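**Student:** sequence first, predicted model second:
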Amino acid sequence: MSNPEIEDLVGDPDPDFQHVLACVFGIQDHESRTYLALLNLPGSTVAELASDLDRDRSNVNRSLSTLLEKGLVERRRRLLDSGGYVYQYTAVPTPEAKTLLHNALDEWVSSVHDALDEFDPDNPEFDPDPAD
């Protein structure tokens, strides 16, 4: 299954937050579900999230890695009384995620406007069939 992309939003007249999140950040639906679960379960471990989402721990761990890369999740290490440590994950607050989404969408819209402004069929370098 391929990742949804920002272009997938263009034809969607009523996208929900999860779909926007997946498309704008190019993440899979299960990764956006992981983010939404963390909003309700801040400070969760991989094991806790796996149980809540009814998914394998390794899959949840991969989802969290992707969300960390995208800046949607924060991780902190908690020392255990018995020794060792465990990572706890928290979703960035919704207002911060919305700001990230707005910035990414604004950047994409700007690139579309630039492409429109640069289009000139009278330019001798214009290639009507760029696939060649």
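**Tutor:** Happy to help now that I have it. Numbers count the residues shown, from 1 in each chain.

**Student:** neighbouring contacts of stretch 42-60?
**Tutor:** 30, 33-34, 37-38, 41, 61, 64, 86-91 (C-beta atoms under 8 Å, 6 or more residues apart in numbering). (Each C-beta comes from the backbone N, C-alpha and C, glycine too.)

**Student:** now do the helices in the chain.
**Tutor:** 17-25, 29-40, 46-53, 57-69, 94-118 (DSSP state H).

**Student:** CA atoms of the third one as CSV?
**Tutor:** The C-alpha trace of helix 46-53 is given here as CSV (Å, rounded to 0.1, in the frame of the first residue of the first chain):
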residue,chain,number,x,y,z
VAL,A,46,5.5,0.8,22.6
ALA,A,47,3.9,-2.2,24.4
GLU,A,48,1.0,0.0,25.7
LEU,A,49,0.4,1.4,22.2
ALA,A,50,0.6,-2.0,20.6
SER,A,51,-2.1,-3.3,23.0
ASP,A,52,-4.3,-0.2,22.5
LEU,A,53,-4.0,-0.3,18.7
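
**Student:** so for that helix, mean pLDDT?
**Tutor:** Helix 46-53 shows a mean pLDDT of 96.

**Student:** same question for the first one.
**Tutor:** Confidence over helix 17-25, taken as the mean pLDDT, stands at 85.

**Student:** what angle do it and helix 57-69 make?
**Tutor:** Helix 17-25 runs at 70 degrees relative to helix 57-69, counting by axes from the mean of the first three to the mean of the last three C-alpha atoms, to 10 degrees.

**Student:** buried set for helix 17-25?
**Tutor:** 19-25 (16 or more other C-beta atoms under 10 Å).

**Student:** tell me how many other residues surround Asn103.
**Tutor:** 11 (other C-beta atoms under 10 Å).

**Student:** how near is it to Ser110?
**Tutor:** 11 Å (C-beta to C-beta, to the nearest Å).
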